[in-house]
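Asks: kindly generate the corresponding structure for this input.
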Amino acid sequence: MPKSADRGRRTREQLLDAAAQLVGEVGWGAVTTRLVAERAGVNAALVHYHFSSVPELLSTAALQFASKVLAESAEALSGDPADGIERMLAELSRYTGTDPESLLLAEAFLAAHRLPELRAGLSALVADFRARVAEWLRSSGVADADAVALLLGAAIDGLVLHRALDESVDFHVVAGPFRRLVAG
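Replies: Numbers count the residues shown, from 1 in each chain. As a prediction, the model looks like this:
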């Protein structure tokens with residue numbers, strides 16, 4: 001691969017990383033071309049070379065991060081459902097609700113109501129995650145696997161939102177009820 005293509009790919013990744021960090025620090029609406037370029041250590045013109053607009057850059061960064069988080073959470077779901085719940089809660093416990101990553105996702109969910117492409121992308125990621133969770137539950141003999149997958153996803157989102165408002169929220173206190181929910 002030519003060096004210019006490698007350099008372009010690295011620049012694009014630097015811009016995405018910078019944008020994701022900035023959303024968590026200053027909010028979706030305050031991220032500008034200049035801020036992203038400064039954070040990434042590149043010329044501001046490169047932002048619009050790689051992305052048609054700041055909303056496209058932010059949407060791409062948010063979707064990339066959401067995809068990674070949901071994939072990691074889904075990977076924790078293997079074997080016995082009760083153990084999978086424990087692994088998933090442990091994986092999610094690194095998110096405080098006020099950390100830049102949690103804020104990026106919260107801001108992305110809000111922005112999705114104004115940006116159809118972001119909404120479609122997030123919708124597809126969430127639907128895929130629910131389908132993976134439901135398949136895992138079904139293979140373990142859990143009744144109403146689709147409904148339980150929906151409940152788990154919504155509960156996890158709610159826990160992160162609650163933790164953003166109350167740092168004492170401990171995900172592990174719900175492990176018992178979640179275990180009973182997924183008992184086959």
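
Asks: any idea how far the helix or strand of the chain with the lowest mean pLDDT is from the chain center?
Replies: Ranking every helix and strand in the chain by mean pLDDT, DSSP states H and E puts helix 81-92 at the bottom, with a mean of 83. Using CA atoms, centre = their mean, to the nearest Å, we find the averaged C-alpha position of helix 81-92 to lie 17 Å away from the chain's own average C-alpha position.

Asks: helices along the chain, start to end?
Replies: Counting by DSSP state H, residue ranges of the helices within the chain are 3-26, 33-40, 45-50, 54-75, 81-92, 100-111, 116-139, 145-165, 175-181.

Asks: averaging pLDDT over each of these, which comes out lowest?
Replies: Taking the mean pLDDT of each of the helices of the chain, the lowest value is held by helix 81-92, a mean of 83.

Asks: who does it touch, helix- and strand-wise?
Replies: Helices and strands in packing contact with helix 81-92 are listed as helix 54-75, helix 116-139, helix 145-165, helix 175-181; criterion 3 or more CB pairs under 8 Å, 6 or more residues apart in numbering; DSSP states H and E. C-beta here means a position set from N, CA and C on the backbone, and glycine is covered the same way.

Asks: for the residue nearest to the spatial centre of the chain, what are its contacts?
Replies: Nearest to the mean C-alpha position of the chain, by CA atoms, centre = their mean, lies Ala66 at 2.6 Å. The neighbourhood of Ala66, defined by CB atoms under 8 Å, 6 or more residues apart in numbering, consists of Leu105, Ala108, Leu122, Leu125.

Asks: out of the residues you listed, who's nearest Val142?
Replies: When the contacts of Ala66 are ranked by distance to Val142 (CB to CB), Leu125 comes first, at 22.4 Å.
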